[in-house]
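> Just to be clear, the model below is a prediction. Sequence and coordinates:
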Amino acid sequence: RLDRVAGFLRLIELCMSSANQIVDRRVLPIERHRPFAMAERFLEAVLEKPRQLPAMKVGEFLDSVAEASSVPGGGSVSALAGALAAALGKMTLGFTRHRKKYEKQDSQLLEHQRVLEDCLDHLRHGMDRDADAYALVVAAQQMPKASENEQQLRALRLHQALEHATEVPMENALLCYRVM
């Protein structure tokens, strides 16, 4: 939930910073242009229908992925695969650490276990973060484009959303790499 709020606050910051660059208040009043429409749609989506993909039962998640819907998609599934790998690694280390034969390596094994715990936690949240990032792309695509100013603002928002939508899977991929 905090990741979604942080994403929303980032979106508001982006809206405010670029609205002044693109919208000339003398030509197009900010109230009529509604530069915060994307942020409003994002907040509505977060408040109305919290995803919480990691909290879903396995069967529900699989059914959700199989639906003719973009979310959850490949990024969320990849984050889940990485989280499962981290969980299995953590389980294996849990068995190994308590064996007498590995007592001398306990501090190293404990450090590896901490890394896996951290990755597991971040990848668990990465499932929702990826879905939320894609929701920003969809919201940007739905922005009005009747006037030249609206087209410019829409193009900017779409660029920002697409950039963010590539950052999240990259972060998840780096976490998966750490798991290995």
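Done, it's in.
> Helices of this protein, residue ranges please.
For the chain, applying DSSP state H gives helices covering 2-22, 30-33, 37-48, 58-66, 74-97, 106-141, 148-179.
> pLDDT score assigned to the most centrally placed residue in the chain?
Centroid-nearest residue in the chain, with Cα atoms, centre = their mean: Arg129, separated by 1.7 Å. Predicted confidence (pLDDT) for Arg129: 92.
> quick one on the thing from earlier: going by mean pLDDT, which of the helices of the chain comes out lowest?
Mean pLDDT values for the helices of the chain show the minimum at helix 30-33, a mean of 41.
> surely Val137 meets Glu163?
No: Val137 lies out of contact with Glu163 (Cβ atoms under 8 Å); the separation is 9.9 Å. Bear in mind the C-beta positions are built from the backbone N, C-alpha and C, glycine included.
> neighbour count winner among those two?
Val137 (18 against 11; other Cβ atoms under 10 Å).
> Any buried residues in stretch 103-118, and which?
Using 16 or more other Cβ atoms under 10 Å as the test for burial, stretch 103-118 gives 109, 112-113, 115-116.
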